[in-house]
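Participant: next come a sequence and a model predicted from it.
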Amino acid sequence: MIKYLSIPLLLISTFGFSAELFQSATSQNTRIDSTIFYKTINVSKAHKIIEQNSTNSRFIIIDVRAEKDYNQGHIQNAINIDFKSSDFKSRLDCLDKNKTYMVICYAGVRSHNTMELMEKLNFTKVYSIKGGMMKWRGKKLPVMN
């Protein structure tokens, strides 16, 4: 038993992890926290995170599909920034880099590419939804028109 406890304790003391950070890193809680991350998540986890952060003004959903596709159905409160628009990068760059963002597209490719671009632009917390709106609708999760 002592052998199994000594490794985490060694890591905590070696790297200066606080108990609070260690707990948040090992927690199954889906509330956003203060760590830096870039994660691809499935639609079920995305839905849970969206529900738990519905009143959090520091949590933003970005739909990177074309405006026409966005208008045919999107996640509630999502803002539309078209990945293929000429000013896409500059529009992203104007956003608050310290907020938490969840990015969605049609199938997950553009949202993943957007997450990588946001990392290069020094955003600190970005989720990409694997499978995009195609999987979201397949799970019959809520869509706004």
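Facilitator: Structure received. Numbers count the residues shown, from 1 in each chain.

Participant: doesn't residue 101 lie inside a strand?
Facilitator: Yes - applying DSSP: H, G, I helix; E, B strand; the rest coil, one finds residue 101 inside a strand.

Participant: what residues are up against it?
Facilitator: By C-beta atoms under 8 Å, 6 or more residues apart in numbering, the residues touching residue 101 are 59, 60, 61, 62, 95, 118, 123, 125, 126, 127. All C-beta spots, glycine's among them, are computed from the backbone N, C-alpha and C.

Participant: let's go with 10 Å and repeat that
Facilitator: 58-62, 79, 92, 95, 114-115, 118, 123-128 (C-beta atoms under 10 Å, 6 or more residues apart in numbering).

Participant: please apply the same query to residue 42.
Facilitator: Applying C-beta under 10 Å, 6+ apart, the residues near residue 42 are 108, 129, 130, 131, 135, 139.

Participant: over to residue 93?
Facilitator: With C-beta under 10 Å, 6+ apart, residue 93 has these contacts: 87, 117, 118, 121, 122, 123.

Participant: buried subset of these?
Facilitator: 117, 118, 123 (16 or more other C-beta atoms under 10 Å).

Participant: how far away is residue 144 from residue 46?
Facilitator: 15 Å (C-beta to C-beta, to the nearest Å).

Participant: repeat that for residue 129.
Facilitator: Taken as C-beta to C-beta, the span from residue 129 to residue 46 is 5 Å.

Participant: what's the overlap in contacts for these two?
Facilitator: By C-beta under 10 Å, 6+ apart, the residues touching both residue 129 and residue 46 are 40, 61, 75, 102, 103, 104, 135, 136.
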